[in-house]
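**Q** no sequence for this one, just the structure:
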Ligand SMILES: [Zn+2]
């Protein structure tokens, strides 16, 4: 199980035309409340996770990162500014990564092994990022979604863990092969919008062939977090917000069901790092 620790607004900045230039804005306190809900949920269900931290969150609320570690979860990196990797130059990406690592190390986090790109944005356009991850000491990436989306994905990428460049593993999110296509079953918006009864048999079937990687966001346990967002003026942003609001109320129950039905671990535990 993985958790991308961020607030909803920050995680959407590159998709909101109006919010341009707002990168690096400190997240509000909803991220504290909702990440603590995640911790309670995992404790109740005897599961552990890798928490990929947007490091503006670590900068604003270092105590939260310590709480996550104290509960026995793994800490990974989700970048500082939540930018699409392929919109950055390699030096900009490396600067963002180094800053993130320094913030986490500065509050005492040791053994940082993994990276998850904002918006799954390691695609064929940004594979150069992998060498940068490796030379900054990371052991794995968990950013390549083996599906096609306008924003992200490499549809013909492997769907199971593999060594993507020498010395760096890739752990892709769970998919289910249906009619020659990889159907995403890994969490996030897919869990939110598809009925649980539809996903459940695919999760069980794909899970029989080996461990699956899931992901959630803290704000997905709190439907009010997105419902309160003001409607933007730009039509494209409005459509995005509308789509983001779909399935919010039922999503916490689905996440509870998923946790109750399966036992989850972090990458560090699963692969003995
Ligand atoms: Zn994110």
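**A** It's in. Nothing here was measured: the structure is a model prediction, and the numbers come from that model. Numbers count the residues shown, from 1 in each chain.

**Q** what's the nearest residue to residue 218 if we skip its chain neighbours?
**A** When the adjacent residues along the chain are set aside, residue 218 lies closest to residue 34, with 3.5 Å between them (C-beta to C-beta, 6 or more residues apart in numbering). For the C-beta atoms, the positions are set from N, CA and C on the backbone; glycine is no exception.

**Q** right, and the one you found touches residue 219 too?
**A** Yes. With contacts counted by C-beta atoms under 8 Å, residue 34 reaches residue 219, the gap being 5.4 Å.

**Q** shared neighbours, those two?
**A** Shared between the contact lists of residue 34 and residue 219 (criterion: C-beta atoms under 8 Å, 6 or more residues apart in numbering) are residues residue 225.

**Q** And the spatially most distant residue from the centre of the chain, what's its pLDDT?
**A** If you look at how far each residue of the chain sits from its centre, by C-alpha atoms, centre = their mean, the farthest one is residue 233, at 27.7 Å. In this model, residue 233 is scored at 73, pLDDT.

**Q** Next, work out how far apart it and the ion are.
**A** 24 Å (C-beta to the ion, to the nearest Å).

**Q** need the residues of the stretch 1-150 of the chain near the ion, please.
**A** 4, 6, 11, 118 (C-beta under 5 Å from the ion).

**Q** on that earlier part again, which one's more surrounded, residue 34 and residue 219?
**A** Taking other C-beta atoms under 10 Å, residue 34 and residue 219 do not tie; residue 219 has more neighbours (25 against 21).

**Q** quick one, what contacts that one?
**A** Residue 219 is in contact with 6, 7, 8, 30, 31, 34, 225, 226, counting by C-beta under 8 Å, 6+ apart.

**Q** Of those residues - the most surrounded one?
**A** Neighbour-wise, the contacts of residue 219 (other C-beta under 10 Å) top out at residue 31, 28 neighbours.

**Q** So the closest residue to residue 207 other than its chain neighbours versus the ion, what's the distance?
**A** Excluding the flanking residues, the one nearest residue 207 by C-beta to C-beta, 6+ apart is residue 262, at 7.3 Å. Distance, residue 262 to the ion, using C-beta to the ion: 23 Å.
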